[in-house]
Structures are given as structure tokens and as C-alpha cells.
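[1] Need coordinates for the below:
(4 chains)
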Protein chains: 4
Amino acid sequence: MVRVGIIGASGYAGAELVRYLLGHAGARVTYLASDTYAGRPLADAFPSFLGQDLPDCETYDAEIAAERSDVVFQAQGNGVGMRVAPELLEFGKKLIDIPADFRLKDLSEYKRFYGADHTAPQLAAEAVYGIPELRADEIAGARLVANPGCYATGAILALAPLVWSKLADLRSIVIDSKSGVSGAGRSKLEVSGLFCEVNEGIKAYAVGGHRHTPEIEQELSALAGERLIVSFTPHLVPMNRGILTTAYAGVGSGAASTGDLLALYRDFYSGKPFVAVLDEGGQPNTKSVFGTNFCHIGVSLDERAGRAIVTCAIDNMGKGAAGQAVQNMNLMCGFEQSTGLVCAAVFP
Amino acid sequence: MVRVGIIGASGYAGAELVRYLLGHAGARVTYLASDTYAGRPLADAFPSFLGQDLPDCETYDAEIAAERSDVVFQAQGNGVGMRVAPELLEFGKKLIDIPADFRLKDLSEYKRFYGADHTAPQLAAEAVYGIPELRADEIAGARLVANPGCYATGAILALAPLVWSKLADLRSIVIDSKSGVSGAGRSKLEVSGLFCEVNEGIKAYAVGGHRHTPEIEQELSALAGERLIVSFTPHLVPMNRGILTTAYAGVGSGAASTGDLLALYRDFYSGKPFVAVLDEGGQPNTKSVFGTNFCHIGVSLDERAGRAIVTCAIDNMGKGAAGQAVQNMNLMCGFEQSTGLVCAAVFP
Amino acid sequence: MVRVGIIGASGYAGAELVRYLLGHAGARVTYLASDTYAGRPLADAFPSFLGQDLPDCETYDAEIAAERSDVVFQAQGNGVGMRVAPELLEFGKKLIDIPADFRLKDLSEYKRFYGADHTAPQLAAEAVYGIPELRADEIAGARLVANPGCYATGAILALAPLVWSKLADLRSIVIDSKSGVSGAGRSKLEVSGLFCEVNEGIKAYAVGGHRHTPEIEQELSALAGERLIVSFTPHLVPMNRGILTTAYAGVGSGAASTGDLLALYRDFYSGKPFVAVLDEGGQPNTKSVFGTNFCHIGVSLDERAGRAIVTCAIDNMGKGAAGQAVQNMNLMCGFEQSTGLVCAAVFP
Amino acid sequence: MVRVGIIGASGYAGAELVRYLLGHAGARVTYLASDTYAGRPLADAFPSFLGQDLPDCETYDAEIAAERSDVVFQAQGNGVGMRVAPELLEFGKKLIDIPADFRLKDLSEYKRFYGADHTAPQLAAEAVYGIPELRADEIAGARLVANPGCYATGAILALAPLVWSKLADLRSIVIDSKSGVSGAGRSKLEVSGLFCEVNEGIKAYAVGGHRHTPEIEQELSALAGERLIVSFTPHLVPMNRGILTTAYAGVGSGAASTGDLLALYRDFYSGKPFVAVLDEGGQPNTKSVFGTNFCHIGVSLDERAGRAIVTCAIDNMGKGAAGQAVQNMNLMCGFEQSTGLVCAAVFP
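    Presented below is the predicted three-dimensional model:
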């Protein structure tokens, strides 16, 4: 039984990790760190855990975390990972960092987008960007995995086959993403997060400058074999969960039909248990992956415009955060990728 | 491995049964009947099942159902249960009927509320009303279980301790229930079910005459040891799932404090794994039981008015339908009550 | 042209007052006080006012407010009214106080529910509780009107005919209210108000002790001619606006049919332009009064239980706050009650 | 007083026309045609009209419509306009057609996208495409106006300055639109429109082939002075109203900064009362135009990618349908453009 510790247990991502791990046959939650709920059961933060067998929350302490855990998930926030990683790795633990500390290889990009110097540059170099569909072997051998951003996961999965295959015109990529609002987390209290302000409205934000842009470009550039630049626009949709990514890329005369594109996508994702490429004409709905680690992809060729239009639905808390983190843990610990992750979406 | 058949697999309750059973260690879905989707995978009706290992849907046939299943859930609709029950029981199968056919013992009430004569009166007499918290032993010995109505489940669990203990003034009971709209099902296409008509509004319906009233009265009367009458008002709330029941009952000077009531409720529900009685001042939220078989109960004494106010949150598709049906199956088949049902709610 | 000043313009109630007054033929907004937005256009707080001709916000100053306004609405918060009322009335202005300062005549109740001593007891005695359907003449002659609470408005309108007519058993009254969340306002930032925490859930709160209870009892007792006590339970529903009140009262053999009750209600509300009593079987939906000052009422007799069940839909920001405040202003200033208030609901 | 007739009064667009016209100082609704509600008050279809002074609905009859109306809005559906237009124009009436019959000049496109031959080609040639910001003079002189599609309105307003100014690379245009679901109307009963199926999900539809594509291209090509092709992808968002259009267009080195683009947009829309161009960094929210005829536009230059990203919020029932139709009527009848349309959005 793998013993799991979670830092930031009382946040949304922390709670979602606990939820997945309660159904994991090979892992058990043995340590929960939360400053806000130290000394109290997690059910005080989330009554959805009433009746579950879980340790109480406590203030984070590296030694205790290391003593009680084999694997640690850091889900507290940006900047925490580079503080806790050196000691936890020193103790011989495996660490999966949900926030952004170890995602970017170019630390000048890190500074530009996160406004701080990186204090653990060697670990940033060592960390593996954890999208199992693209880097399963590296993840399996890693002791430090940077869990991808939610938007980045959707965008990369939507476009990976197109850029890898050289079909996409690398100067033409537009990524328009629509997200539920749980991505903002539970601790950020702003007027803009109130129910009344979100409900019955949709808006874009961070146009031209969202923090997930550099990781999208880093990973797609790696697949393309050359540096590319994308336009990425995130939007907030009045729903709790889910990201729908609509990605556009010129394909010129490289694809003759939607069928050609579908063949490429099916081939690329063959054998990947969490990616389903829909039949021609099918369009993914975030509802169908709600609460899961699945990713549904729809592919179309806009023949008149010579442009591929790819839509990709994930749960931002699942494949976009905690689900993918557990999938990474499975690889790092030698489980089947899908252990604890095969439940179907709650629908409707 | 218990082999499970589901009639009405392409409805919401059918799909929810499949979802729970996919995570059940001792049962496997081996037969799915759906007229609409006969010959097609269930994922055509619910893409949330893409990638799951399930039999295709087929047109219902009693012999095939009996051949492939040990237990059958009937989730298709009112009137179907009394048609299929005789033959399935004849084949020696166990049957759990989700709709209303076998809930009422007084068949004149059945006729009054459902507008039809009952064609299997002996089975109606035999069937056990399946609330495991109240009738576990009977359910364990039954071959035919009538799964309770969603509103009825919430109302009965909210009031059972009060009427059983004789604390409640039996002439004073008011039950005000608020439900998400999935209870209406997927096949009923009416303007009133459209998103635009439901969203941003709340209304009562069937005031003074809802079909769940007689089963609430039947079961609470049985607990009280005398015939009682309630006022029951259901409301539609713009959310997919969940029923919050707010129950009011005069308790005169029978309870001195909220603490007295809490002690009664805790005692009554002691050892029941799916009922959590909240601490004083706690109020259940349907979100906290979303997608689960749990029931959260809050208890207050309105001292000025001499009235107990009990609030009870369930998922209408979980404890109010498919979850409770699986709990009943567990009892009927000798599993632990909680097998396959311990997952925590998807939150937020 | 009546010149109108608003204190607390950047809150939800303030903005709603502005919205109504922009369509008022006899009044003009000439003064807007907001600490947060002082020196800025109101459209910075609410882009919905872009393009409208409005004065900029400024820090409240009694002399300036008095100089620029004939009537002042105080919409900033509890405790502000008793601070500003003495000076504004001294300047000869009319004042409509939206929060709770002047609603209760029994100032020990005020202290008990609002936790503070009242600093303007004479004005509390003088103020008129502003439900135009019940106190039109008093309002017309008043210089200080206490605008009723949103829940209180719904509850009083639902029950007034029953208690006034002596039909209701005064010991049997249960009021179960369901509200959208805009009532919490824009300035209160708590986790419980976040979209993700509200969406897809319903819960009760303040059970047995909500602050609107004493004003409901004060006004219904006045109508009944004797002191009554109610059980009042508010609930939060995942929608922005609207309150549905479901009120229960024993009527014994006093009413033989729903038709009898309907006749009473129609008679009582005859000539009241904002109250519509629905036909038998009709149930009000808060959607149908969204954004308006209207009140829709449905009346049923639960014959088996001897209980009247009355449902009442208002917009908590309209008839429950700003709409009723403008209706009060109309009476105080000699306009038709309905001036500026006749728009139909935005539907769907 | 202009007398107004509405065909299709019991649909969403019909009801929205009535709502706007109830507040119009120079027009009065004198004729309502609805097959479904013939002989009944419109409040039977929409209780939001209870208490309003309106004629009853009746079955459409050209002579009666002509006798009672000076202007007629056709809001019933596609294919109705070309049936009623010839006779109503013959009677000397002005007609505003809300559906698609008269929007396209190229009738082969009409046939391709709407699957039928056009039966009034001369009127299709005569009709004016009614976006007042672009064709005010033509509209003022027209007897037949084709009201634009909701998506088309948002897309055209978002991109008009860019294509008119020749800044946009005409081969690079991507239009990604997100709509509330009222656009589907009230009469189309499909599973996909049920609350439970829409709530908590987002999906694209009609990818690469939506019917509004040809009118977007027709109008933008006219502005550009040459034929252009766009990729247009509509999405359904779980909200009742609103369309947010996110439009992308390469601008190469044609614009040096967001400020340059803003200057262009401000100049282009100068003097247009319903279009507000937001300050740099501002992003429009559909909530802020909910229930109104306003259009809010945000403009950004993605400098790294050399692409303009323009966001545009309208209410699909307001500027996208009934509001714009009334604006067109105002021009056709000699009123101020904004008569009856200046109300602020209901917020929150």
C-alpha cells in the first residue's frame, strides 16, 4: 500500500485528490496538511467527506510528511513547491507538484509570468512535465513531476497530433478555451468569484497574457521540433467544472477531409486509456467527463478555410489537476495508469 | 460475481445504476435493455460511458434477461414493474423496481394516484418497501423490493425518529421539499423542462396532491403505529441533482432543546453507514451528497414555536434512486450494505 | 422632477434603484454616494450603466446630499440609517431606508436580532413600515419609510389575507422561503458565496433565528389583532434573484375549498397593481417576476390536512428591495404607485 | 402612435418584442398572432405579462394584421417571412423579419444552408440587412428589413472596423462564439435542450457549417470590398441569454499596440448609442448587457502573435434579435434609434 501525503488538503485540488484516492486500490491517504484546518477533520472543510476514514489535517512539517508518506502531492499553491521539494526529495520521497513551480524549463519565462525568481533551478531542470499521454516513460522514472496546468492539458492534448505530424501551420494556431470556475480555487475571495457575478454571464480574461501560455508553447514546440507561438484566450463559463478547448490550426492542403484528421488522432492516441476520439460529427461535452480523468476529442476539417478545428473536453479538476496527478502517481509507483481512475462521469 | 440486468438502461436512473455498478467489487452489469438504443452501445446515449466495458443495449426479453442476470433492476417507468415482475420472479430472479408499482400496500391509493388498476396485487402485497435504514432484515429476505420514491426517501428519513419516538404531534407535520430536475427523467419532453424555463427560477408543483404523499404517509404511519396525514409540497430548483427536505413537526414540550432532538436522531441512526446527523447548528447542503448514496440531516428545535425543524439532504439519483437500489441489492445478495457505494461526493 | 440621492450606490440594491429610476418619468438620480467608488462613474462598479447619464459617485456628505436631493434612499447597510436619518430629515428631506434600522417597533427585538442599541428611537417610532399594499396612506404621509426585508415582504404578502380574515390558526403558521443569493449583497466576501459553493446545491440557514422573523411577526400580528409566532426557515437557491415563499397555515373547517381561499385573496388584493393572484392550480415562478416589482400568488387548500398552502413569488431585489422602495417613493411624492415600475420581467 | 403587429408572439423573440414595446413611448402593440395561443391572453404563455394591457393572441390573418398594424414583426420562424411578406407589403405595411428568409443576397447560399428554394427572390433582393450601425440610411428608407442572426450580429460588430480598415488579414479570421441557449427557441423540444443536459456543460456544435456563416461573410465581405472566408464555431453555454464572440484576425505589423486598435474601434463606433468600446484591458461580460440592446466590445493586440483579439458581448435576444428589431423599427418610423431601448441591464 502506497502511503500518500497531501499538502494543501483543504483546497479544491487537495479535496479532489482525496476523493480519487479513497477509491484507489493500491494507495491510502496517510497525511493531510492544511494550515486553515490544522487539528480538524477534513470533513469540516468538506462535509462531503463525512463518514470517510481519513487522518485529521495538520500544519505542514517536512519530517512528519516524510515519515508518513511515500508519495506527496503538493496542492497548496504557486511558490510552495520549490520550498518543499528539496527536503522531501532529500528524504527520498516522490513529489507531484500540482501548481506551476516546476513546469517551465525556461526560468526567465517563469519569472516573467509568475513574478518571482526560481529558488530551485536544478529541480526545475530535473522535473518531468507530467502529461502521461506524451511522456509516460519519463514520468515512470521521475522522482519529481510537474503536473500540467488545466488549460495547458486541454490545449496540448487537442493539438499534439497536429503539430507532431507537421500538418499544422505553426504560425496559425489559435486556442480558445472555456473553463468552469473551480480553477480559481477556494481561497481567493474576490467580488468576481461571487455566485451572482458569475452566474448568467461569460467573459474572457487575461487575453494575450495568461500564465499557461508558456507551458503550452513549451510542450507543443517540443512536439513540433521547432519554436511556435500561439494565441491563447481563456474564458470563464458559469459552471463548476470542465474545460472545453477549441483549437484552430491552418492545415493548408495537408488534410483532404475530416476523416484524414480523425485517422491521425486515432493513431496518435491509440492505447491511451483516458483519451477518446469521437466519431466524425461528434462534439465533446464537458458534462461527459465531469468528475473524471477522461478527455474527449472532436476533430473537424473546415475545408473552405483550410483549417482544422479540434475540440477537447476535460474536467479541469480531473484530467486538468487531481486526476492527472493520480495518473502520474500510478506511473511513478508502478501501478496501471488507470488504477483508481476508471469511474464514469456523474451524469446528468 | 452477481450478474446484473437493467431494464430502462438509457434513462437517467438506468445510467446511474450502471455508474454505481461499474465500481462494485461483487457485481457486474451483464444485460442492458433499452428500446430506444437497442443494438447500440450505452455510450451512444451517454458518452460518459465511452471506454467502459459494458454489453450493448437490446430490446427487453424476459427469457434473455433471466438467462443473463441474477438480479434485475427495473428502471424504465411506472407500470412496467407489474408487467415484468411475475415472469422474472418465476425464473427465480431477484427484482428491484425503481418506479412506483410496488410501493403502496393500499391498492385503492395506487389507483387514485397512478390512475390504473394494479395487475399484480399479490406481488404488491409481497414486495418490501426498500429503505434499508428501516427494513434491512425484510429487504435481505426479499425477492421483490420496491425502491422508494426520491421525495419519500428524504421525507421518511427526516421524520422517522420523530414519529417513531412519539415526539411529533401527528397532525402538525409539514414537509417542504426542494428538488433538482433530473427527477423528471430524460424521456419527458415538455417546455417546462427546457433549460431556459428552469434556470433562474423556482416554483412549487402538484401542491396538495403529489404521488409520493401516500408512500410517505404509509411508512411514517407504520412507524408511528397510527394513521397520520401530512402536507407535502415539492418544488423544482434550478440544479440537476439533490433533494433538500425541510420537515416541520410540533413537539410541544416533548423536547427541551435541540440537543435532545439530536440525541434522538443520533441514537436512531446509529450504525447506519449512509446517514450522518450533523452537529448542532450544522445545515446539510445537497452539494455534499452529490453523486452519492449519503444522507445528511440537520436538526433544530424552534423553541418559540415548539416545533422541530429537520433538514435532510440526499441526491435524488443516489439515495433517492439508484444508490438506494444498489444498497437494497447488497442486502438481498449478502454483500456489505456499503459495497460499491462509499465514494465521496464530487465537490465542488 | 423629483431629485433622488442614493447612499450605497455601488451595492446591489443601490444599482437596482438606479436601474428603476432611469426609467422613471418623474424622478432623476442626482446624487450617488459610495465610499468604494468615490470620484468614479458608477459604470466602473457596474458596466451595465455604460452609456447612461448619471452623476459620478462621491463620499457621502449630508449637506451635499441634502442640497442635491429631494428624496434619499439609504441602501448602504444596517446601522447607517439611524446615523444619517436625523440630519437628512432635519434638512427636510424624505428618506427611504432599505436596511433594517427602522423596521421594528420593539427596540428590544432590534437589539436582540441586530446586536446593537438603537440610537434614534424616536425615528424608529415614527417610521412607517413600507408595504404599500397594507399601509399606503401612512406611507403617503411619511417622511421616513422603513423598506421591508425581502423575505418579510414575501411572507407578509403570502399570509396577510389569511391572518387578517381570522381564517388562519395563528399557532400553526410555517413559512418556508427559498431565495436567490443576491440578497447577501456584493460586499460580503465569504467562501460560502463563491459560485462553486452555491451552484448545484441548496441549503437552509439561520433556522429558527433569522432576522426577518420579528418583522414578519410584527406585521402579521398587527393584521391579526393579536400576537402570533411563526416558524420561518430561509433557504439559498442557486439563482441570482427571486424569493419563493411557501406558507402553511391551518384553517380547520374555515375554508371549504381552494375557491373560497382564492375569493378571499382576490378581494384582499383587489386594486393592488403589483399583486396578481393566479387562477386555481396556478403556481407562481420567480422567473415570471424577475427584475420587476410584481408579486404572484398561488393559493391551495390541502383539504385532507385542513391547511392552506400559499406560494408567493417576488424578486428579492424588486418587490423585496429597490422596486418596493420606488413604489414607496411614488406614494410619498404623489406619483402613481406604478410610475417607473411597469416593465415586464426579462424572460427567459 | 405607431401600431405594431407581431407574428409568432408566443415564442421567445415574440415575447421579447412585446417586452421592449411595452416601454416604447411612440409605439403600441395592437396585434398578436400565435397559432398555439389563439384566443387566449399572452400571459397564458408568459405569466410575466400578467397585468399588462395587451390584445389577446389570434390566428394569423393577413388582412386583419394589416388593418390593425402599421409595422409588423415576423418572429415565428424560417420560411414564414417569404410567405407573409408579399401580402403585407402589398397592403403598404413595413415588415421586419426576425428569422433568416431575407438575409442572404445569394439565393444559392440560401438554398444550401436552409434546404429550400426561395419563393420571393425579388423581396430578398430588396430587403435591407438590418444592422443599424452599418446601414442606418438604407434601413430608414426600407419597407422590408431582414433582422440579422444573433451570432452574425456579434461577429460583424466585432470585426467590422478591422476588415473595413483593411488591417485584418482576410484569410486569417477565426470567430469563436459562445451563446446562451434561448436562441434555440421555445418550440423545439429535444433531449439536448433539457435543463439537466445543458446545465454544467459546454460544447461546440455545427462546427464548420453553421447557418449564420454566410451572412457573416456577406456583410464582412461588403465592408472589406472583397470576398472573405471565416471559420465560425458556435458553442452552447449554460445560461439563458448572451453571446460572447471572440474574434481573431492577423494584423501583421499593421497595428503597433492595443491603443492603435482601440482608436480605430472608437472612431468607427463614434456616435453609435448602443456600442461601447471598453478601455484597454477591459473585457466585456454578457451579464452587463443582459436584457438590453447594448453591445460591449473589448480590443486587444496579441503582439507576440501579430493578432487582434476582439471580444464582443450582446444579448442574443436583445441586440441579437428583438432589441435590434426595435432599433430597426425606430429608424424605419422616424423615431430616435434609442427610443424604448435605453434601459440598463438587470444585474446581477
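[2] which parts of the stretch 1-150 of chain A sit against chain C?
    For the stretch 1-150 of chain A, the residues in contact with chain C (CB under 8 Å from any CB of the partner chain) are residue A:12. Every C-beta, even on glycine, is put in place using the N, C-alpha and C of the backbone.
[3] and if we set it to 10 Å?
    For the stretch 1-150 of chain A, the residues in contact with chain C (CB under 10 Å from any CB of the partner chain) are A:12, A:45.
[4] now the strands for the stretch 1-150 of chain A?
    A:2-7, A:27-33, A:57-58, A:71-74, A:94-97, A:128-129, A:144-146 (DSSP state E, counting those that start in this stretch).
[5] for stretch A:329-337, which positions count as buried?
    Neighbour counts over stretch A:329-337 (16 or more other CB atoms under 10 Å in any protein chain shown) mark A:329, A:330, A:331, A:332, A:333, A:335, A:337 as buried.
[6] can you tell me the helix or strand for the second one?
    Okay, so that is residue A:330. Following DSSP states H and E, one finds residue A:330 within helix A:323-333.
[7] That helix - what's its average pLDDT?
    Mean pLDDT, helix A:323-333: 98.
[8] got a markdown table for the strands of the stretch 1-150 of chain A, with mean pLDDT, mean neighbour count and distance to residue D:131 too?
    Below are these laid out as a markdown table (pLDDT from 0 to 100; neighbours: other CB atoms under 10 Å in any protein chain shown; distance: least, CB to CB, whole Å):
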| stretch | mean pLDDT | mean neighbour count | distance to residue D:131 |
| --- | --- | --- | --- |
| strand A:2-7 | 98 | 25 | 54 |
| strand A:27-33 | 98 | 22 | 57 |
| strand A:57-58 | 98 | 22 | 58 |
| strand A:71-74 | 98 | 28 | 52 |
| strand A:94-97 | 98 | 27 | 51 |
| strand A:128-129 | 98 | 22 | 47 |
| strand A:144-146 | 98 | 26 | 48 |
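[9] Give me the number of neighbouring residues for residue A:166.
    13 (other CB atoms under 10 Å in any protein chain shown).
[10] That one contacts residue A:228, correct?
    No: using CB atoms under 10 Å, residue A:166 is not in contact with residue A:228; the gap is 11.5 Å.
[11] Just to confirm, which residue in chain A is farthest away from the center?
    Going by CA atoms, centre = their mean, the residue of chain A most distant from its centre is residue A:304, 33.8 Å out.
[12] my read: it touches residue D:209, true?
    Yes: the pair residue A:304 / residue D:209 is scored as a contact, 9.3 Å apart, by CB under 10 Å.
[13] and the stretch 1-150 of chain A, which residues reach chain B?
    A:12, A:15-16, A:18-20, A:22-23, A:25, A:42-44, A:46-54.
[14] next one: the stretch 151-300 of chain A
    A:180-182, A:186, A:199-200, A:238, A:240-241, A:273-279, A:282-285, A:287-292, A:294, A:296.
[15] Count the neighbours of the residue lying closest to residue A:347 once chain neighbours are set aside for me.
    Spatial nearest neighbour of residue A:347, chain neighbours left out: residue B:48 (4.5 Å); criterion: CB to CB, 6 or more residues apart in numbering or on different chains. Residue B:48 has 27 neighbours, counted by other CB under 10 Å.
[16] ditto for residue A:187
    Residue A:187, neighbours per other CB under 10 Å, totals 13.
[17] That one and residue A:77 touch, don't they?
    Yes: Residue A:187 lies in contact with residue A:77 (CB under 10 Å); the separation is 7.9 Å.
[18] residues shared between the contacts of these two?
    The contact sets of residue A:187 and residue A:77 overlap at A:8, A:11 (CB atoms under 10 Å, 6 or more residues apart in numbering or on different chains).
[19] Isn't residue A:85 up against residue A:121?
    No: applying CB under 10 Å, one finds residue A:85 not in contact with residue A:121, separated by 11.6 Å.
[20] picking up where we left off before, taking the residues of the stretch 151-300 of chain A next to chain B one by one, which sit in strands?
    Among those, DSSP state E puts A:275, A:276, A:277, A:296 in strands.
[21] For residue B:157, state which of those residues is nearest.
    Nearest to residue B:157 out of those is residue A:296 (CB to CB; 36.8 Å).
[22] how is chain A carved up into domains?
    Domain ranges of chain A: A:2-126, A:151-316, per automatic domain parsing.
[23] Now the stretch 201-348 of chain A against chain C: closest residue?
    Chain C sits closest to residue A:240 of the stretch 201-348 of chain A, with a gap of 5.0 Å, by CB to the nearest CB.
[24] okay, and for the stretch 101-250 of chain A, where does confidence drop off?
    Within the stretch 101-250 of chain A, no stretch has pLDDT under 70.
[25] wait, isn't residue A:83 in contact with residue A:119?
    Yes: if you go by CB under 10 Å, residue A:83 and residue A:119 touch, sitting 7.5 Å apart.
[26] quick one: common contacting residues for the two?
    residue A:101.
[27] In this structure residue A:96 contacts residue A:69, no?
    No: using CB under 10 Å, residue A:96 is not in contact with residue A:69; the gap is 11.4 Å.
[28] can you list residues touching both of the two?
    Jointly contacting residue A:96 and residue A:69 under the rule CB under 10 Å, 6+ apart are A:4, A:6.
[29] can you map out the helices along chain A?
    Assigned by DSSP state H, chain A shows helices spanning A:12-22, A:42-45, A:62-68, A:81-90, A:107-114, A:121-126, A:132-140, A:150-164, A:195-198, A:213-224, A:258-268, A:323-333.
[30] quick one: is the last one near chain D?
    No: residues of helix A:323-333 contacting chain D under CB under 10 Å from any CB: none, with a closest distance of 17.1 Å.
[31] next one: stretch A:97-109
    No: using CB under 10 Å from any CB, stretch A:97-109 stays clear of chain D, with a minimum separation of 12.1 Å.
[32] Show the end-to-end separation of that stretch, please.
    Length of stretch A:97-109, first residue to last, CA to CA, to the nearest Å: 18 Å.
[33] And stretch A:25-36, by the same measure?
    Stretch A:25-36 has an end-to-end distance of 29 Å (CA to CA).
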